[in-house]
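**Student:** Take this sequence and fold it.
(2 chains)
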Amino acid sequence: MKLATWNVNSLSVRLPQVLDWLQQQANEHPIDALVLQETKTTDDKFPREAIEAAGYQVDFFGQKTYNGVALLSRAGATDVVRNIPGFEDEMARVITGTVQGVRVIGAYFPNGQAPDSDKFAYKMKWLDALRAWLHTELQQHQQLVLMGDFNITVDDRDVWDPVGLAGTIHCTAEERAHFQALLDLGLCDAFRLFAQPDKSYSWWDYREMAFRRNRGLRIDHVLVSQALKEATQACVIDKAPRKNERPSDHAPVIVTLAL
DNA sequence: ATGACTCCCAGTGGGAGA
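**Tutor:** Next up, the predicted model:
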């Protein structure tokens, strides 16, 4: 089973790239489930037909201008939940569904802007709510994958300039403590289960030719539950779509499970 | 360096992203 996450930075702009990428992946093994972040489209304008024509069922949850998430799957998703139950949120950030027996959670974590900002405080509250809800989800679903744009670097290996960016947004001790708290629920960073190239990143700024110079961050993650850890066969960042014309600033992350 | 680039909604500029 192959699962993936991709922050597309506007699905209306990136739809052709998403469909091309799914087609490319199918030459090896098709992606069974794909979660998207920053679709930036309201549900009435979501390109459902084009995605279904490509062989995927899709659940989505969006809003105007900002945020927006989607869950694409070949088999279809059941028990779909939008956002974090019990956490009042104006922003469309989470979509969850059960696909082929796996609880798949696709999430667009808050950016946080700056450590002293209101947005950072919201990020901390959101992370608290996510953790509390995940605790109950994990009790109900042994096979669970949480993936998406976490907007958190796990450690300095995930940062192109760990000295210059120390303590800045995505790299603060508070954010990393929240990430660790997710692991402590019984989740595992699938990417670090395997040997990876040095300086592996999933996001590069559009400015200053950051991709060409590989000045990036690894902030898109796939977390697998303990029950899935042994079944996890690979986890890779696919930089190819970042080389497209008009790319998203994020690259997709793919995990392969022996299911 | 309060920048750079891209997207959105707007409407010939500004917010947000990371």
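**Student:** what sits against the residue nearest the centre of chain A?
**Tutor:** Nearest to the mean C-alpha position of chain A, by Cα atoms, centre = their mean, lies residue A:148 at 1.1 Å. By Cβ atoms under 8 Å, 6 or more residues apart in numbering, the residues touching residue A:148 are A:5, A:7, A:35, A:37, A:69, A:105-109, A:220-221. C-beta here means a position set from N, CA and C on the backbone, and glycine is covered the same way.
**Student:** Sheet partners, orientation included, of the helix or strand encompassing it?
**Tutor:** Using DSSP states H and E, residue A:148 falls within strand A:144-149. The strands beside strand A:144-149 in its sheet (DSSP bridges) come out as strand A:102-108 (parallel), strand A:220-225 (antiparallel).
**Student:** what about stretch A:189-203, distance to the chain center?
**Tutor:** 14 Å (Cα atoms, centre = their mean, to the nearest Å).
**Student:** While we're on the residue nearest to residue A:108 when sequence neighbours are not counted, how confident is the model there?
**Tutor:** Sequence neighbours aside, residue A:37 is the residue nearest to residue A:108 in space, at 3.8 Å (criterion: Cβ to Cβ, 6 or more residues apart in numbering). For residue A:37, the pLDDT comes out at 98.
**Student:** Could you count how many residues lie near residue A:37?
**Tutor:** 30 (other Cβ atoms under 10 Å).
**Student:** Ramachandran coordinates for it?
**Tutor:** phi -120, psi 160 (degrees, to the nearest 10).
**Student:** for it, what are its contacts?
**Tutor:** Counting by Cβ under 8 Å, 6+ apart, residue A:37 has contacts A:5-8, A:67-69, A:106-108, A:148-149.
**Student:** Could you give the bridge partners of it?
**Tutor:** Under DSSP bridges, the beta-bridge partners of residue A:37 are residue A:7, residue A:69.
**Student:** Point out the residues in the stretch 151-259 of chain A that sit beside DNA strand B.
**Tutor:** A:151, A:169-170, A:203, A:205-208, A:217, A:219, A:246, A:249-250 (Cβ under 7 Å from any atom of the strand).
**Student:** Residue A:227 versus the closest residue to residue A:229 other than its chain neighbours, what's the distance?
**Tutor:** For residue A:229, ignoring the flanking residues on the chain, the nearest one in space by Cβ to Cβ, 6+ apart is residue A:188 at 5.0 Å. Going from residue A:188 to residue A:227 by Cβ to Cβ, to the nearest Å gives 10 Å.
**Student:** Many thanks, have a good one.
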